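**Q** show me how the following folds:
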Amino acid sequence: MTTPVTSFQRIGEASPLSAEARESILELFAQEPAGQPVEYTGLTALYARLSQDDGTEGESNSISNQKKILERYCRDHGYTNIRHYEDDGYTGTNFNRPGFQKMLADIKAGRIVRVIVKDMSRFGRDYLQVGMYTDVLFQELGVHFIAVNDGVDSTRGDNEFTAIRNIFNEMYARDTSKKIRATWKSKGNAGEHLCTNPPYGYRKSPEDEKKWIIDEEAAAVVQKVFSLCIGGLGPTQIAKWLHENRVLCPAAYAVSKGKKPTTKPPQDVYRWNNEAVSRMLSRIEYLGHTVNFKTCKKSYKSKKKLWTDPSEWAVFENTQEPIIEESVFMAVQNIRKERKRPTRMGEMGMFSGLLYCMDCGGRMYLCRANHFEKRQEYYLCSTYRKDRALCSTHTIRHVILEEIVLRNLREAIQYVSRYENDFIREAAELETREQSHMLAKKQDMLEQAEKRRAELDTIFRRLYEDNVMGKLTDERFLKLSREYEREQEELKMQSETLRKDIQQGEKQKVNVKNFIAMVKKYTDLKQVDATILREFIHKIYISACDRTSDTREIHIVYNFIGPFDFDKAIEQAKRKSA
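**A** Numbering: from 1, shown residues only. Alright, predicted model coming up:
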């Protein structure tokens, strides 16, 4: 038998309590109406819940109103040993609510014998979960359940309409979810920001909260992160650098500015997550664009966010001031795509991830040793290094390549600066030729793949007929059909890839304007480094050396404009001017 507790002072006089016990009892008393006795067992739980959507119905569903109704019901029916549990701002479709979970823990511990709610919708709006608690768990544990306004009382037997009412409550939640989704979709398609908090580097404008402005302090960190990536560091190394330089992580930075962070700050406020750095390096928002519908949820009952395919994103350009230049952003994306790793000597080669063999298409790696001088370092075809029978050496020394590329970049800057209009016209013509050639080639491959798939359908029919007629054994039929099915599946995947490439190729346009803007940043180029190379260059192809003439071909593919022969363009411009 339990002894009623009437005051905290009396317990304190009877026997000393630990700090934890005193705190627990004080918390219990803080939730009870003054003057009412409370027991550790035999509690009547009064549960109240309110979500943001329910708040639109006015005061009738407020937490305080629910408490008054429940307390009045208890007085009328003689239930004195009561305790309140509440969830303010939590949806009824999810039962992972702090107040509900606390009540559930007390039920399983045997402290609660009765649960009372205002109506079934306050308990929850998922009819399967509601039924599991009220019809299964509560009955097994002997818990008396009451929904005041709906006339539900488990001691009076089943209420035939309870299950139907639960379904209607879920339908309400489903309908509300559809309306919210439609509203968000409308806002997203109109180019409005859908996220509550701007990404790290931006903040809401004091004049208009719908607009983002640059947060200078955080934006400087974003620019440094991109600079470190171009300099050869990966996300883990960048996170380590930020930690060593005591840069506050985004959550801790938000708290320091008096804002509510999207995630809980870590104990070490300078510790950055490498995944956060990776996401930062791929954020299109830093170009000044708005990107909506990057994530979705399978159901209104699920809280798990899923990443959508980039083709489903809605991108609205130039909606806020950019933090990162497009040339820098593109360079970082190329670096991230290549997934470069530091060598055993701990350094990244300047051309690492940019060099390719012109014959086999394999990458070219930097070869060096501790006893090498700088002039002795060279690049070698990776295919040749694995098997000399598959390709030739394609070697080129680092210092020679650096000199050639520097000269080429100077010529590009000189030509674009002096003959800007000619460059714009020639780049557009080159784009048309290259794009037409590429699309025609891929279109031809797609037609051949589709033709072969149609042929395989005919072959399948003939095989089946031969098998039925007894001309082909079952064993032979199964073997052939498996081989043809495998080929058809491969052709299907190839066709899908080609269609996407063709669609993407038709959308791609040479961005001459961005290339010109990038050139104007480097009007007096003295030397090249990893940052400059990745801003200008997408790939460099190296041919084998011609032994008779002792020459080789070097093809440079630039960012934004693709391959462009600046040597030839300069000669033509000089002939015109002469």
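
**Q** alpha carbons only for contacts and neighbour counts from here, please
**A** Will do.

**Q** quick one: contacts of stretch 514-523?
**A** Stretch 514-523 is contacted from outside by Glu326, Ser327, Ile413, Gln414, Val416, Ser417, Glu535, Phe536, Asn559, Phe560, Ile561, using CA atoms under 8 Å, 6 or more residues apart in numbering.

**Q** are any of those residues buried, and which?
**A** Burial by neighbour count, 16 or more other CA atoms under 10 Å: within the contacts of stretch 514-523 this picks out Glu326, Ser327, Ile413, Gln414, Val416, Glu535, Phe536, Asn559, Phe560, Ile561.

**Q** let me know the closest of these to Gln129.
**A** Distance to Gln129, by CA to CA, is smallest for Glu326 among these, at 49.8 Å.

**Q** ok, back up a step: and the furthest pair within the contacts of stretch 514-523?
**A** Farthest apart among the contacts of stretch 514-523 by CA to CA are Glu326 and Gln414. That separation is 21.6 Å.

**Q** burial count for the closest residue to Lys204 other than its chain neighbours?
**A** Sequence neighbours aside, Trp212 is the residue nearest to Lys204 in space, at 4.7 Å (criterion: CA to CA, 6 or more residues apart in numbering). Residues near Trp212, counting by other CA atoms under 10 Å, number 21.

**Q** phi, psi of Trp212?
**A** phi -100, psi 140 (degrees, to the nearest 10).

**Q** swap in Thr44?
**A** The phi/psi pair for Thr44 (degrees, to the nearest 10) is phi -100, psi 110.

**Q** could you number the chain from 320 rather than 1 from now on?
**A** Done: numbering now begins at 320, and the last item shifts to Thr363.

**Q** now tabulate the contacts of stretch 833-842 in TSV and tack on distance to Lys845 and pLDDT.
**A** Formatted as TSV, the contacts of stretch 833-842 follow (distance: CA to CA, whole Å; pLDDT from 0 to 100):
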residue	distance to Lys845	pLDDT
Glu645	23	83
Ser646	20	80
Ile732	12	87
Gln733	13	86
Val735	17	86
Ser736	16	84
Glu854	16	83
Phe855	15	86
Asn878	20	83
Phe879	23	80
Ile880	23	79
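
**Q** okay, these in TSV with secondary structure and distance to Asn653 next?
**A** Converted to TSV, these look like this (DSSP: H, G, I helix; E, B strand; the rest coil; distance: CA to CA, whole Å):
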residue	secondary structure	distance to Asn653
Glu645	helix	12
Ser646	helix	11
Ile732	helix	22
Gln733	helix	26
Val735	helix	24
Ser736	helix	26
Glu854	helix	10
Phe855	helix	11
Asn878	coil	10
Phe879	coil	12
Ile880	coil	15
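
**Q** out of the residues you listed, which comes closest to Gly680?
**A** Nearest to Gly680, judged by CA to CA, of the contacts of stretch 833-842 is Asn878 at 18.8 Å.

**Q** what are the phi and psi values for Tyr366?
**A** According to degrees, to the nearest 10, Tyr366 has phi -100, psi 130.

**Q** looking at it, it is touching His403, isn't it?
**A** Yes. Using CA atoms under 8 Å, Tyr366 is in contact with His403, at 6.1 Å.

**Q** tell me which of those two has more neighbours.
**A** Taking other CA under 10 Å, Tyr366 and His403 do not tie; Tyr366 has more neighbours (23 against 20).

**Q** kindly provide the distance from the more buried one to Tyr404.
**A** From Tyr366 across to Tyr404, the span is 5 Å (CA to CA, to the nearest Å).

**Q** list the residues that contact both of the two?
**A** Phe419.

**Q** which residues of the stretch 470-619 of the chain score low on pLDDT?
**A** The model of the stretch 470-619 of the chain has pLDDT under 70 over residues 476-489, 491-496, 499, 618-619.

**Q** 80 - rerun?
**A** 475-507, 550-551, 579-585, 615-619 (pLDDT under 80).

**Q** what about the strands in it?
**A** Remark: strands assigned in the stretch 470-619 of the chain by DSSP state E, counting those that start in this stretch are 471-472, 521-523, 531-533, 609-611, 614-615.

**Q** redo these as TSV? Include distance to Tyr398.
**A** Shown next, in TSV, are the strands of the stretch 470-619 of the chain (distance: least, CA to CA, whole Å):
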stretch	distance to Tyr398
strand 471-472	14
strand 521-523	51
strand 531-533	54
strand 609-611	52
strand 614-615	46
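
**Q** which ones are touching the residue nearest to Lys523?
**A** Listed by CA under 8 Å, 6+ apart, the contact set of Trp531 reads Pro517, Tyr521, Arg522, Lys523, Ser524, Gln639.

**Q** what is the rounded mean pLDDT of stretch 623-635?
**A** Mean pLDDT, computed over stretch 623-635, is 80.

**Q** so Asp422 sits against Tyr404, correct?
**A** Check again: residue 422 is Met, not Asp. Yes. Applying CA under 8 Å as the test, Met422 and Tyr404 come out as touching, 6.6 Å apart.

**Q** more crowded one of those two?
**A** Applying other CA under 10 Å to Met422 and Tyr404 shows that Met422 carries more neighbours, namely 22 against 18.

**Q** I'd like the next helix or strand past the helix or strand that contains the more buried one.
**A** Assessed by DSSP states H and E, Met422 sits inside helix 417-427. Moving toward the C-terminus from helix 417-427, the next helix or strand (DSSP H and E) is strand 431-436.

**Q** which secondary structure elements does that following strand contact?
**A** In terms of contacts (3 or more CA pairs under 8 Å, 6 or more residues apart in numbering; DSSP states H and E), strand 431-436 is packed against strand 362-369, strand 463-466.

**Q** could you export the last one as CSV, CA atoms only?
**A** What it means is strand 463-466. What follows is strand 463-466, C-alpha atoms only, in CSV (Å, rounded to 0.1, in the frame of the first residue of the first chain):
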residue,chain,number,x,y,z
HIS,A,463,-8.6,2.8,-18.3
PHE,A,464,-9.0,5.1,-21.4
ILE,A,465,-11.4,7.9,-21.8
ALA,A,466,-12.0,10.4,-24.6
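
**Q** quick one: strands adjacent to it?
**A** strand 431-436 (parallel), strand 471-472 (antiparallel) (DSSP bridges).

**Q** which of those strands is buried the deepest?
**A** Counting by mean count of other CA atoms under 10 Å, strand 431-436 has the highest mean neighbour count of the strands paired with strand 463-466, with a mean of 22.

**Q** compute the inter-axis angle for that strand and strand 362-369.
**A** Angle of strand 431-436 versus strand 362-369, following axes from the mean of the first three to the mean of the last three CA atoms, to 10 degrees, is 30 degrees.

**Q** C-terminal to strand 431-436, what's the next element?
**A** Downstream of strand 431-436, the next assigned helix or strand under DSSP H and E is helix 439-442.

**Q** check the offset of that following helix from the chain's centre.
**A** How far helix 439-442 lies from its chain's middle: 35 Å, per CA atoms, centre = their mean, to the nearest Å.
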